[in-house]
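**Student:** fold the stuff below for me.
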Amino acid sequence: MNIVDHIRETRDITRDELEHILATEDKESVEYLRNSAREVATSVYGNKIFMRGLIELSSHCKNDCLYCGLRRSNGEAVRYRLTDEQIYDCCEQGYKLGFRTFVMQGGEDGWFDDKRMCRIVSTVRERFPDCAITLSLGERSRESYQALFDAGANRYLLRHETASPEHYAKLHPSEMSFQNRMDCLYALKEIGYQVGCGFMVGSPYQTIDTLYADLQFIRTLQPQMVGIGPFVSTQNTPFAGWPNGKVSDTLRLLAIIRLLHPHVLLPATTALGTLHPQGRELGIQFGANVIMPNLSPRDHRKDYAIYDNKICTGEEAAECRACTEQRVKRIGYETVVDRGDFKGEK
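**Tutor:** Below you'll find the predicted structure:
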């Protein structure tokens, strides 16, 4: 049995198998990995690619993560906050375009405290009762997560960034805690959210061992969503000038995650599209099944600069959706804008 078949059958991977897959230059082996991941994704979700409407709430952040353009020490970052009405307008526009999942994302901004966010979530839930509400607002207290869930949020995305405490310490300031990040993810699961974790591919100091720890963490957590994308070197951060993550490694890891966790919702991220003109299409061909067009006000998209040269900052929401649909259609897939819930095993 070859390595890919072994991963697919056992839903597990050894460190040596991971190292071999990332190092191989055998095109037939990579093609077999790609086709296997596509087969698994298709067996669960068909040829459907789920579109989520992304709304970037705030470029303010209290944290000072070494890799992020929104870090508080970046005096060059443009800071903004959407008003409640701007957020509702984004949802209204998205709803008219057919979106039935809204992803509200932002830096860890104290302005969006529990009172404000619960009001926003409950209002969106009331106005759009048939929609899923996904939040990606970083680390909060368990009580905060519970309040937002009770207000109507369904899903929460919190990338763990790395499953190695030592690696985590090299990517974050000392006041941030690896254990707290883990505790947040498990609290979200216990509350009842559909939970998403994830990591950057090719981040500074990443090794085969840390990547292997990431994959084993995903197997343990069993999240409904996993978001991975290549590290993108960003100006005005301590890692400016570091090499970007490899698109090829990201694609292979997408495929591995699909084989390990067949039912997972797996985005083809904007970062992939930033580093390769067909990055998101390639991601789909390696097992991804989610794309998140941007519903944020066009005037602010360039300001949510978590990394350099982010794509799709100048398009209107309708243009973004139409472009995405055409690109996905050209590679033989169908975009759908329904809730696209996680399909757990029967």
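**Student:** under a three-state scheme, what state does residue 149 occupy?
**Tutor:** Three-state assignment for residue 149 (DSSP: H, G, I helix; E, B strand; the rest coil): helix.
**Student:** no wait, residue 288
**Tutor:** Assigned state for residue 288: coil (three-state reduction, three-state DSSP).
**Student:** need the nearest residue in space to it, chain neighbours excluded.
**Tutor:** When the adjacent residues along the chain are set aside, residue 288 lies closest to residue 268, with 3.9 Å between them (C-beta to C-beta, 6 or more residues apart in numbering). Where you see a C-beta, it was placed from the backbone N, CA and C, and this is true even at glycine.
**Student:** and the spatially most central residue of the chain, its phi and psi?
**Tutor:** Nearest to the centroid of the C-alpha atoms of the chain, with distances taken as C-alpha atoms, centre = their mean, sits residue 227, at 3.3 Å. Per-residue torsions, residue 227: phi -110, psi 110 (degrees, to the nearest 10).
**Student:** looking at this protein, which helix or strand is least sure?
**Tutor:** Within the chain, no helix or strand scores below helix 298-301, which has a mean of 84 by mean pLDDT, DSSP states H and E.
**Student:** tell me how far whatever helix or strand residue 229 lives in is from the chain's mean position?
**Tutor:** Here residue 229 sits within strand 225-230, counting by DSSP states H and E. How far strand 225-230 lies from its chain's middle: 5 Å, per C-alpha atoms, centre = their mean, to the nearest Å.
**Student:** just the strands in the stretch 151-300 of the chain please.
**Tutor:** Under the criterion DSSP state E, counting those that start in this stretch, strands of the stretch 151-300 of the chain are mapped to 155-157, 194-201, 225-230, 290-291.
**Student:** right, and those strands - which one's nearest residue 68?
**Tutor:** Residue 68 lies closest, by C-beta to C-beta, to one member of these: strand 194-201, at 10.2 Å.
**Student:** ok, back up a step: which elements pack onto the strand holding residue 229?
**Tutor:** If you count contacts as 3 or more C-beta pairs under 8 Å, 6 or more residues apart in numbering; DSSP states H and E, strand 225-230 packs onto strand 155-157, strand 194-201, helix 247-260, helix 270-275.
**Student:** between it and helix 247-260, how many degrees?
**Tutor:** Here the directions of strand 225-230 and helix 247-260 differ by 160 degrees (axes from the mean of the first three to the mean of the last three C-alpha atoms, to 10 degrees).
**Student:** next one, pLDDT for the residue nearest to residue 288 please.
**Tutor:** Residue 268 is assigned a predicted lDDT (pLDDT) of 96.
**Student:** same question for residue 333.
**Tutor:** pLDDT, residue 333: 96.
**Student:** that older thread, the helices and strands packed on strand 225-230 into JSON lines, with extra columns for distance to residue 34?
**Tutor:** Formatted as JSON lines, the helices and strands packed on strand 225-230 follow (distance: least, C-beta to C-beta, whole Å):
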{"stretch": "strand 155-157", "distance to residue 34": "25"}
{"stretch": "strand 194-201", "distance to residue 34": "16"}
{"stretch": "helix 247-260", "distance to residue 34": "6"}
{"stretch": "helix 270-275", "distance to residue 34": "14"}
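**Student:** any chance of the ones you listed in a markdown table, plus mean neighbour count and distance to residue 140?
**Tutor:** Output for the helices and strands packed on strand 225-230, formatted as a markdown table (neighbours: other C-beta atoms under 10 Å; distance: least, C-beta to C-beta, whole Å):
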| stretch | mean neighbour count | distance to residue 140 |
| --- | --- | --- |
| strand 155-157 | 25 | 9 |
| strand 194-201 | 24 | 14 |
| helix 247-260 | 24 | 26 |
| helix 270-275 | 24 | 24 |
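**Student:** contacting residues for residue 223?
**Tutor:** 185, 189, 195, 196, 197, 261, 264 (C-beta atoms under 8 Å, 6 or more residues apart in numbering).
**Student:** ok, now how distant is it from residue 91?
**Tutor:** For residue 223, the distance to residue 91 (C-beta to C-beta, to the nearest Å) stands at 25 Å.
**Student:** likewise residue 121?
**Tutor:** Distance, residue 121 to residue 91, using C-beta to C-beta: 11 Å.
**Student:** ok, residue 22 next?
**Tutor:** Residue 22 sits 40 Å away from residue 91, taking C-beta to C-beta as the criterion.
**Student:** next: residue 338.
**Tutor:** For residue 338, the distance to residue 91 equals 16 Å [C-beta to C-beta].
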